[in-house]
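*Asks:* Quick one, what's the 3D model for this:
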Amino acid sequence: MDPQTSEEESLQHTCERAEDLDNATVINIHRIQQLPNDIAELAELARAEGYRFIDRLIDEFQSAQNTFSLPGEALFEARSARALVGIGGLNVDPYCAGGTTGRIRRMYVRNDHRGRGVGRLLIHAIESRARARFDELRLFTDKPDAAAFYLALGYDVVDDSGATHVKRLNVASSYGRGQSNEYSIERLP
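*Replies:* Okay, here's the model as predicted:
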């Protein structure tokens, strides 16, 4: 059994705001093989903010154009007990030759869950998966808030027509090399 693709990967994180410690929300991150049943609700929220890339995720997944199923690829959902609150994917970067570069795709967290660690947890899951296969991760964003988010996570700005940010990965990770695909985190730094 290939530990990279045979088991669901999951993380659990308790998200809190300083002023709302009594009402902490548990967020679970899972690697998914199919789009969640409530993805249309997330797409509607994204669309209301002017984002169309969740619609593209749905269209590409349904047409089998991008199902996050090539070696090293993965799609993750962030879910509270009640709802899908975020999604993010990892693809082989189509703009780089050699297949050693991953690309963060379709990363979205509901507005009412931003600033609570959900995005960090999704990126942590994506990076953990990527370390087993890729030397670096790249992404494109034209949103200042998203750019600041990636900078805070150690991504560098690049002057490249195919990407705005890049992060070199430590390829010598033990992830995917006989280790379990299930892990949990109480709190991210």
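*Asks:* how long is stretch 106-124 end to end?
*Replies:* Taking Cα to Cα, to the nearest Å as the measure, stretch 106-124 stretches 15 Å from start to finish.
*Asks:* all numbers from here: first residue = 4
*Replies:* I'll keep to 4 as the first residue from here, and by that count the last item is stretch 109-127.
*Asks:* where's it relative to the chain centroid, distance-wise?
*Replies:* With Cα atoms, centre = their mean, to the nearest Å as the basis, the distance from the averaged C-alpha position of stretch 109-127 to the chain average is 8 Å.
*Asks:* Give me the buried stretch members for it, please.
*Replies:* Buried residues in stretch 109-127, counting neighbours by 16 or more other Cβ atoms under 10 Å, are found at 109-113, 116, 119-127. (Glycine included, C-beta is placed from N, CA and C.)
*Asks:* Next: stretch 80-100.
*Replies:* In stretch 80-100, counting by 16+ other Cβ under 10 Å, buried: 80-83, 87-96, 99.
*Asks:* between these, which is closest to residue 73?
*Replies:* Within the buried residues of stretch 80-100, proximity to residue 73 (Cβ to Cβ) peaks at residue 95, which comes in at 5.5 Å.
*Asks:* Go through the buried residues of stretch 109-127 and flag which are in strands.
*Replies:* Secondary structure from DSSP state E places 109, 110, 111, 112 of these in strands.
*Asks:* As TSV, those with distance to residue 168 would be great.
*Replies:* Output for these, formatted as TSV (distance: Cβ to Cβ, whole Å):
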residue	distance to residue 168
109	15
110	11
111	16
112	17
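*Asks:* gap between the helix ranked longest in the chain and the chain center?
*Replies:* Criterion DSSP state H: the longest helix present in the chain is helix 121-133. On the basis of Cα atoms, centre = their mean, the separation between the geometric centre of helix 121-133 and that of its chain is 5 Å.
*Asks:* Quick check: next helix or strand after that helix?
*Replies:* strand 139-142 (DSSP states H and E).
*Asks:* which secondary structure elements does that following strand contact?
*Replies:* Packing partners of strand 139-142 (3 or more Cβ pairs under 8 Å, 6 or more residues apart in numbering; DSSP states H and E): strand 104-112, helix 121-133, strand 166-171.
*Asks:* contacting residues around the shortest one?
*Replies:* When contacts are taken as Cβ atoms under 8 Å, 6 or more residues apart in numbering, the neighbours of strand 166-171 outside the stretch itself are 96, 98, 106, 130, 138-145, 150, 153-154, 156-161, 163.
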